[in-house]
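Student: sharing a model prediction with you, sequence too.
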Amino acid sequence: MPSSSSTSNAVPATPAVDKRKRKTTSHDDTITSGAGAATTGSKKQKQQQSTSNAGTTGTSSATTQGNNRENKQQSKATTSAGGAAVAGTTHGHKNSNKQAQMHQQQQQNMDNFLNNDINLQHELATVSAPDPIALLPQLADEFQRSNGNAGKQGGTVKFTNADIKELRTSGFTTIDSLHYPPMRKLLAIRGISEQKAELLCKIGRQCANSSSSSRLEFQSAQDHLVQVRQQFVKKISTGSSKLDALLQGGIETSSITEIFGEFRSGKTQLVHTLCVMAQFPVDQGGCEGKVCFIDTEGTFRPERLQQVAERFEVDKNDVLDNVVVCRAHNTEHQTQLLTEAAILMAEQKFGLLVVDSVTNLYRTEYSGRGELADRQQHLGRFLRYIQRLADEFGIAVVLTNQVCAKVDGTAAYGPSHCPIGGHVLAHACQTRLSLRKGKAEGRFCKIYDSPHLPEGEAPFVISEGGVADD
């Protein structure tokens with residue numbers, strides 16, 4: 001990432017996510033117009049076919065009754081009979097044509113889904129409905145018919161509007177989300193029987209296999225590199241070129257990154273900078289998406305986002321409009337906010353989820369060794385939910401974390417503090433970054449743990465415009 005002055009010239013006057021929004025609207029209008037044109041063409045084709053059939057019948061009748069007539073009179077009789085047949089056919093099939101047209105688009109979506117020809121989540125979101133889970137009843141009917149389940153013992157499984165509401169309330173906002181939980185989790189949802197749970201799992205697996213980003217089957221490492229890593233994984237710039245070089249491009253999407261350190265080490269300042277950078281185009285260090293911010297410490301400041309926006313010469317109001325924020329007051333509320341975030345992500349394009357900080361409420365609500373097991377279990381469920389959102393929507397998840405002092409005597413041989421959360425949090429995060437204070441306004445970021453980054457350290461500073469090079 002270039003310095004503040006050089007980077008500003010390369011950034012457009014408006015955030016990229018707004019451009020994407022306009023492009024998406026145009027794309028939706030194009031799809032709608034195309035669908036209407038296809039429907040009109042299909043109707044005209046059916047009318048022409050009826051005209052041809054009726055005209056042939058009229059010609060045959062006129063020829064039989066008037067063998068002695070001249071060719072000119074036969075032609076007139078044929079035209080007259082054909083026109084009358086067209087009028088009668090169009091009027092008689094008007095209602096049936098409308099029903100066929102309405103069913104045509106739904107049938108096409110079902111056929112594509114069953115044939116694994118499309119990315120179901122994308123197509124249903126842009127063509128059929130903003131909330132893909134709403135099409136579950138139609139998908140279930142088509143799935144059962146295609147697999148010969150209809151008419152068997154127990155009959156066809158039907159999903160009601162109440163079932164859809166309960167699934168959405170439980171955080172299942174897309175068809176793709178159905179293959180993540182075990183069946184017992186689905187059975188715990190009110191109104192979901194064992195038959196329905198089995199069908200949900202099958203439909204979820206079918207949808208996952210139709211998407212290259214969440215396949216449930218083995219594939220070669222080469223295919224995984226090309227079809228998943230290179231196609232879906234993006235990098236969000238941190239605002240510092242040295243820090244980006246350390247991270248080989250920035251914060252990775254479809255994964256969880258933990259940032260821990262002492263107070264005043266720059267954790268909150270870094271995530272505020274990321275909130276702005278995530279809105280930029282991919283070729284400018286962003287991921288063209290909105291940002292969801294869960295604040296547990298009361299440290300979110302929209303004024304800080306405006307300062308970062310001024311540095312990159314983008315519209316401050318647009319930047320704020322593209323960030324949704326909520327203050328979490330307890331661990332249950334913190335988990336519930338993930339369900340609400342999933343509903344938003346199913347309707348709009350998001351690129352980043354920030355939790356600042358992930359362990360603050362757990363430290364205050366659970367105390368002592370007697371509650372340690374309960375705390376870790378609840379924290380583990382929260383982190384698993386976050387990982388599901390990262391996989392399902394392809395977002396980058398950034399968690400800030402607090403530290404505690406070491407009191408067992410090991411501080412003499414290493415760092416004097418360690419991150420909160422224990423092994424549960426350590427195993428849940430793909431990349432862990434350690435921040436520490438330097439001289440004056442200087443800060444240092446160290447690769448603490450990563451599956452693909454070598455150990456290293458890079459300096460950065462906290463400027464008026466956010467995180468920057470020293």
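Tutor: That came through fine.

Student: so where do the helices sit in the stretch 151-300 of the chain?
Tutor: 161-169, 183-187, 194-209, 221-224, 230-232, 241-246, 267-277 (DSSP state H, counting those that start in this stretch).

Student: okay, those in JSON lines with distance to Arg436 and mean pLDDT next?
Tutor: Quick note: C-beta positions are derived from backbone N, CA and C, even for glycine. Putting these into JSON lines (distance: least, CB to CB, whole Å; pLDDT from 0 to 100) gives the following:
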{"stretch": "helix 161-169", "distance to Arg436": "43", "mean pLDDT": "90"}
{"stretch": "helix 183-187", "distance to Arg436": "40", "mean pLDDT": "91"}
{"stretch": "helix 194-209", "distance to Arg436": "41", "mean pLDDT": "86"}
{"stretch": "helix 221-224", "distance to Arg436": "35", "mean pLDDT": "91"}
{"stretch": "helix 230-232", "distance to Arg436": "33", "mean pLDDT": "88"}
{"stretch": "helix 241-246", "distance to Arg436": "14", "mean pLDDT": "96"}
{"stretch": "helix 267-277", "distance to Arg436": "11", "mean pLDDT": "97"}
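
Student: what's the closest of those to Asn330?
Tutor: helix 161-169 (19.1 Å; CB to CB).

Student: what residues sit buried inside the closest one?
Tutor: Burial within helix 161-169, assessed by neighbour count using 16 or more other CB atoms under 10 Å, is assigned to Asp163, Ile164, Leu167, Arg168.

Student: stretch 391-401 too?
Tutor: Within stretch 391-401, the residues that qualify as buried are Asp391, Glu392, Phe393, Gly394, Ile395, Ala396, Val397, Val398, Leu399, Thr400, Asn401, counting by 16+ other CB under 10 Å.

Student: between the residues you listed, which sits nearest Asp321?
Tutor: So of the buried residues of stretch 391-401, ranked by how close each gets to Asp321 (CB to CB), first place is Ile395, at 18.3 Å.

Student: what's that closest one sitting at in phi/psi?
Tutor: phi -90, psi 160 (degrees, to the nearest 10).

Student: pretty sure it is touching Gly351, no?
Tutor: Yes. With contact defined as CB atoms under 8 Å, Ile395 counts as touching Gly351 (5.8 Å).

Student: the residue nearest to Gly261 when sequence neighbours are not counted sits in which helix or strand?
Tutor: Leaving aside its chain neighbours, Gly261 sits nearest to Leu435 (3.4 Å; criterion: CB to CB, 6 or more residues apart in numbering). Assigned by DSSP states H and E, Leu435 belongs to strand 431-437.

Student: with just CA atoms, put that strand into PDB.
Tutor: Coordinates of the C-alpha atoms in strand 431-437 are reproduced here as PDB (Å, rounded to 0.1, in the frame of the first residue of the first chain):
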ATOM      1  CA  THR A 431      -3.900 -16.100  11.200                       C
ATOM      2  CA  ARG A 432      -2.900 -14.500  14.500                       C
ATOM      3  CA  LEU A 433      -1.200 -11.200  14.600                       C
ATOM      4  CA  SER A 434       0.600  -9.700  17.700                       C
ATOM      5  CA  LEU A 435       0.800  -6.000  18.100                       C
ATOM      6  CA  ARG A 436       3.200  -4.200  20.400                       C
ATOM      7  CA  LYS A 437       4.100  -0.600  21.200                       C
END
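
Student: tell me the mean pLDDT for that strand?
Tutor: On average, the pLDDT along strand 431-437 is 96.

Student: which secondary structure elements does that strand contact?
Tutor: strand 255-261, strand 442-449 (3 or more CB pairs under 8 Å, 6 or more residues apart in numbering; DSSP states H and E).

Student: restricting to C-alpha, output stretch 282-299 in CSV.
Tutor: What follows is stretch 282-299, C-alpha atoms only, in CSV (Å, rounded to 0.1, in the frame of the first residue of the first chain):
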residue,chain,number,x,y,z
VAL,A,282,-10.1,-5.5,-5.5
ASP,A,283,-7.4,-3.9,-7.6
GLN,A,284,-7.0,-1.1,-5.1
GLY,A,285,-6.7,-3.3,-2.0
GLY,A,286,-10.4,-3.9,-1.1
CYS,A,287,-13.0,-6.5,-1.6
GLU,A,288,-15.9,-4.3,-2.8
GLY,A,289,-18.2,-5.0,0.1
LYS,A,290,-19.9,-3.5,3.1
VAL,A,291,-18.7,-3.9,6.7
CYS,A,292,-20.4,-5.3,9.8
PHE,A,293,-18.9,-4.1,13.1
ILE,A,294,-19.8,-5.8,16.5
ASP,A,295,-18.6,-3.5,19.3
THR,A,296,-18.2,-5.0,22.7
GLU,A,297,-16.0,-2.3,24.3
GLY,A,298,-17.7,0.9,23.1
THR,A,299,-14.7,1.9,21.0
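
Student: next, the buried residues of it.
Tutor: By neighbour count with 16+ other CB under 10 Å, stretch 282-299 contains the buried residues 284-296, 299.

Student: domains in this protein, as residue ranges please.
Tutor: Domain assignment for the chain, taken from automatic domain parsing, gives 31-63+73-118, 120-209, 227-468.

Student: just these: most buried one?
Tutor: domain 227-468 (a mean of 19; mean count of other CB atoms under 10 Å).

Student: what about that domain, start to end distance?
Tutor: Chord length of domain 227-468, first to last residue, is 33 Å (CA to CA, to the nearest Å).

Student: ok, stretch 231-242 next?
Tutor: End-to-end for stretch 231-242, by CA to CA: 25 Å.

Student: excluding its own residues, what touches stretch 292-302? List them.
Tutor: Outside stretch 292-302, the residues within contact range by CB atoms under 8 Å, 6 or more residues apart in numbering are 268, 271-272, 275, 320, 323-328, 334, 337-338, 341, 344-345, 350, 352-358, 360-361.

Student: where in the stretch 101-250 of the chain is pLDDT low?
Tutor: Under the criterion pLDDT under 70, the flagged ranges of the stretch 101-250 of the chain are 101-131, 148-155, 210-215.

Student: how about a cut-off of 80?
Tutor: Scanning the stretch 101-250 of the chain with the threshold set as pLDDT under 80 gives 101-132, 135, 147-155, 207-216.

Student: what about the strands in it?
Tutor: 235-236 (DSSP state E, counting those that start in this stretch).

Student: and if you look at the stretch 251-400 of the chain?
Tutor: 251-252, 255-261, 290-295, 323-327, 350-356, 396-401.

Student: can I get those strands in JSON lines including distance to Lys446 and mean pLDDT?
Tutor: As requested, the strands of the stretch 251-400 of the chain are exported to JSON lines (distance: least, CB to CB, whole Å; pLDDT from 0 to 100):
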{"stretch": "strand 251-252", "distance to Lys446": "15", "mean pLDDT": "96"}
{"stretch": "strand 255-261", "distance to Lys446": "10", "mean pLDDT": "97"}
{"stretch": "strand 290-295", "distance to Lys446": "25", "mean pLDDT": "98"}
{"stretch": "strand 323-327", "distance to Lys446": "28", "mean pLDDT": "98"}
{"stretch": "strand 350-356", "distance to Lys446": "20", "mean pLDDT": "97"}
{"stretch": "strand 396-401", "distance to Lys446": "14", "mean pLDDT": "98"}
